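Student: based on what follows, work out the 3D shape:
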Amino acid sequence: MTDIIKQLTQPRRAKALFKHTNIEQLDRILNIITEIKIEKEHEAQKQAEHEQQERQALEEMREEILNKGLDFDKLVSLMKPQRKAKKRKSTGTKDTQKTYRYGDNKTWNGEGNVPEEMQKMLDEGLELADFLQPE
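Tutor: I've put the predicted structure just below:
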């Protein structure tokens, strides 16, 4: 609660708060608080009426469902939001892995840095496709 509400809800603190106010000011404050109270009561009454109408409509629907002999559980299952199927992760390898053969039966799988010996060959003008090992 805010400080002002704490002070107004305790008689001693409220008395101390209004110690230096005159009667006209207290009447104005009391009128404002009374108007706010009436508005809050009116809003609560509207909310209660709305809830009562909603409950009555639901009761009418319930009676209609029972009269038609429909299965309530099936209706509830239709009302629930449909879950999207989870995508399963593939357990297989992603793509066929490429293997590059260079030098004296040395291989490189294409991951990480290019081996120095192979890089020298690439610098001389060869292409990666030249080293591709046939599957």
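
Student: state the phi and psi torsions of Leu132.
Tutor: Main-chain dihedrals, Leu132, degrees, to the nearest 10: phi -60, psi 130.

Student: cool, Glu41 as well?
Tutor: Glu41 adopts backbone torsions of phi -60, psi -40, taken as degrees, to the nearest 10.

Student: what about it, how many neighbours?
Tutor: 10 (other Cβ atoms under 10 Å). The way it works is simple: take the backbone N, C-alpha and C, and place the C-beta from them, glycine included.

Student: give me the domain ranges for the protein.
Tutor: Listed by automatic domain parsing, the domain ranges of the chain are 3-79, 100-131.

Student: where do the strands sit along this protein?
Tutor: Applying DSSP state E to the chain gives strands spanning 100-102, 106-108.

Student: right, and the ones you listed - which one's nearest Arg28?
Tutor: strand 106-108 (88.4 Å; Cβ to Cβ).

Student: hang on, the earlier thing: okay, the strands of the chain, which one's buried deepest?
Tutor: strand 100-102 (a mean of 17; mean count of other Cβ atoms under 10 Å).

Student: mind checking how far that one is from the chain centre?
Tutor: Strand 100-102 has its C-alpha centroid displaced from the chain centroid by 51 Å (Cα atoms, centre = their mean, to the nearest Å).

Student: just checking, what packs against it?
Tutor: Secondary-structure packing of strand 100-102 (3 or more Cβ pairs under 8 Å, 6 or more residues apart in numbering; DSSP states H and E): strand 106-108, helix 116-123, helix 128-131.

Student: any idea how far His50 is from the residue located most distally from the centre of the chain?
Tutor: Seen from the C-alpha centroid of the chain, the residue lying at the greatest distance (Cα atoms, centre = their mean) is Asp104, 58.3 Å away. According to Cβ to Cβ, to the nearest Å, Asp104 stands 86 Å off from His50.

Student: please apply the same query to Met118.
Tutor: To His50, Met118 is 77 Å away according to Cβ to Cβ.

Student: what about the two, which has more around it?
Tutor: Met118 (20 against 10).

Student: correct me if wrong: the more buried one contacts Trp108.
Tutor: Yes: counting by Cβ atoms under 8 Å, Met118 touches Trp108, with 6.1 Å between them.
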